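In: predicted coordinates and the sequence they were generated for:
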Amino acid sequence: MEYTNLGETGMEVSRFCLGCMNFGTEQPWMIHDEEESREVIDRALDLGINFLDTANVYSHGESEEIVGRAIAERDRSELVVATKVYGPMGEGPNKGGLSRKHIIDQCERSLDRLGTDYIDLYQIHRWDDETPIEETLSALSYLVEEGLVRYIGASTMMGWQFAKALYESDLNGHERFVSMQPEYNLVDRHEEENVLPVCADQGIGVIPWSPLGGGFLTGKYERDEEPGEGRAADDEHTHERFTEENWAVLDVVRELAEEKDASPAQVSLAWLLEKELVDSPIIGPRSLDHLEENVAALDVSLSDDEMARLEEPKSPAWSRATGDL
């Protein structure tokens, strides 16, 4: 395994982050058997992955509980445990959003579910139009001051919103976001025109989610064929990737995979790893085979010409409709 610093912090993270959304029972495509989830987590840790990302809303806390039990006997000082807050955690008032009340309440509950005394990276899952960013940053700063959180991060928002949050931190001495989770992969490059320039300018670590485009970049789908059973069968976002432009990208991915005796998934992940701004793509394997295939992308290198070949079929473009996911 290779390691890098997260953004401009001194905290070292593995070049792949294990995404834990698949661990739970909320959706039929998730890993419902906790033993199977534990096998994936244990193997990831044994492969050297020290960075795990979950969220309170993943199966309404079930993912955090599974992660907590899996890491209970591990050296906590070596692990970087990340979770998120924003989404609704029940019905009624104060059960969602980024108010001071909800953030602090949910941090305490995430700590309980994770079975740990602190969260390494506590992230806002989305931007909250109903709560002033000053209130959100004040609450997050309090958690850092209390020793309950080490660093704070953000996910999925417009570039101006993220810039506003960083400015507010600098202006009023609040804790500063050190990382951003954008959707970013070879067929979803819209963030190159939105939040990634802010990250580059401000020294923010980038940990992309959906690095394989919801499975599209694994090559398991074909033109003019409907996806079978599984998550993609009912996933509107996956269907929206079935464009001629994206198929052209996948054609190049498959060509390079054959040339390099690698899989399309490995080539797609290698493209992200070559991006200087990217610290740790979030992979979400549902089996040991997928996990080991993903990690082996570390051994795939791409030349400048090959990077250009992969990018040539599609140009990044941002729109509110594209980014509001």
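Out: Good, I have the coordinates.
In: list the buried ones in stretch 103-111?
Out: Of the residues in stretch 103-111, those buried under the neighbour-count criterion (16 or more other Cβ atoms under 10 Å) are Ile103, Ile104, Gln106, Cys107, Ser110, Leu111. Just so you know, the C-beta spots here come from the backbone N, C-alpha and C atoms, and that holds for glycine as well.
In: what comes into contact with it?
Out: For stretch 103-111, the surrounding residues in contact (Cβ atoms under 8 Å, 6 or more residues apart in numbering) are 56, 61, 64, 83, 85, 89, 94, 117-119, 122, 136, 139-140, 142-143, 148-149.
In: filter those down to the ones in helices?
Out: Those of those mapping onto helices are Glu64, Thr136, Ala139, Leu140, Tyr142, Leu143, per DSSP state H.
In: can you say which of the residues you listed are buried?
Out: Judged by 16+ other Cβ under 10 Å, buried ones among the ones in helices among the contacts of stretch 103-111: Glu64, Thr136, Ala139, Leu140, Tyr142, Leu143.
In: of those residues, just say which sits nearest to Pro28.
Out: Glu64 (20.4 Å; Cβ to Cβ).
In: next, the contact list for the closest one, please.
Out: Taking Cβ under 8 Å, 6+ apart, we find Glu64 in contact with Thr54, Ala55, Asn56, Tyr58, Thr83, Ser110, Arg113, Leu114.
In: tell me, what's the model's pLDDT at the residue lying closest to Ala44 once chain neighbours are set aside?
Out: Once flanking residues are discounted, Ala44 sits nearest to Leu18: 4.6 Å by Cβ to Cβ, 6 or more residues apart in numbering. For Leu18, the pLDDT comes out at 98.
In: go on, Glu65?
Out: Glu65 carries a pLDDT value of 98.
In: once you drop chain neighbours, what's closest to Pro182?
Out: Glu191 (4.2 Å).
In: what sits against the one you found?
Out: Going by Cβ under 8 Å, 6+ apart, the list of residues near Glu191 reads Pro182, Glu183, Tyr184, Pro316, Trp318, Gly323.
In: what's the spacing between Pro264 and Ala297?
Out: 11 Å (Cβ to Cβ, to the nearest Å).
In: just to revisit the earlier point, quick check, nearest of the ones in helices among the contacts of stretch 103-111 to Lys275?
Out: Leu140 (27.4 Å).
In: which strand or helix spans the closest residue to that closest one other than its chain neighbours?
Out: Once flanking residues are discounted, Leu140 sits nearest to Ile152: 4.8 Å by Cβ to Cβ, 6+ apart. Taking DSSP states H and E as the criterion, Ile152 maps to strand 149-155.
In: how far does that strand sit from its chain's centre?
Out: Between the centre of strand 149-155 and the centre of its chain there are 13 Å (Cα atoms, centre = their mean, to the nearest Å).
In: and what of stretch 181-188?
Out: 10 Å.
In: next, the buried residues of that stretch.
Out: Gln181, Pro182, Glu183, Tyr184, Asn185, Leu186, Val187, Asp188.
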